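Enquirer: Based on what follows, work out the 3D shape:
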Amino acid sequence: MKKFSRLSQYRESKGISQIELAKKMGVTQQCISSWQTGRTIPKPHQMKLLSGILEVPMDELFYEEFNKR
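Expert: Next up is the predicted model:
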């Protein structure tokens, strides 16, 4: 399992806790944690919402996921 450190880095740089992000996303804090640790990945519409909330392009935020081989 890969850790999506970019997600946690951008979230932390915005000063947003996992709980706050979860509320904005309409998901649980455990869901955010799972995305950050790589246990699960967000659905495309969730990726788009995350990108908007964190003000980061999707391809930058999810580079590892988009470039799996």
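Enquirer: residues contacting residue 55?
Expert: By C-beta atoms under 8 Å, 6 or more residues apart in numbering, the contact set of residue 55 is residue 14. For the C-beta atoms, the positions are set from N, CA and C on the backbone; glycine is no exception.
Enquirer: Begin at 402 from now on, thanks
Expert: Yep, numbering from 402; the last one is residue 456 now.
Enquirer: Helices of the chain, start to end?
Expert: 406-414, 419-426, 430-438, 445-455, 459-462, 464-467 (DSSP state H).
Enquirer: Including mean neighbour count and mean pLDDT, could those helices go into CSV?
Expert: Shown next, in CSV, are the helices of the chain (neighbours: other C-beta atoms under 10 Å; pLDDT from 0 to 100):
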stretch, mean neighbour count, mean pLDDT
helix 406-414, 16, 89
helix 419-426, 16, 98
helix 430-438, 17, 93
helix 445-455, 15, 95
helix 459-462, 16, 86
helix 464-467, 14, 63
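Enquirer: surely residue 434 meets residue 419?
Expert: Yes. Using C-beta atoms under 8 Å, residue 434 is in contact with residue 419, at 6.1 Å.
Enquirer: so who does residue 409 touch?
Expert: Counting by C-beta under 8 Å, 6+ apart, the residues that residue 409 touches are residue 437.
Enquirer: distance of it from residue 456?
Expert: 16 Å (C-beta to C-beta, to the nearest Å).
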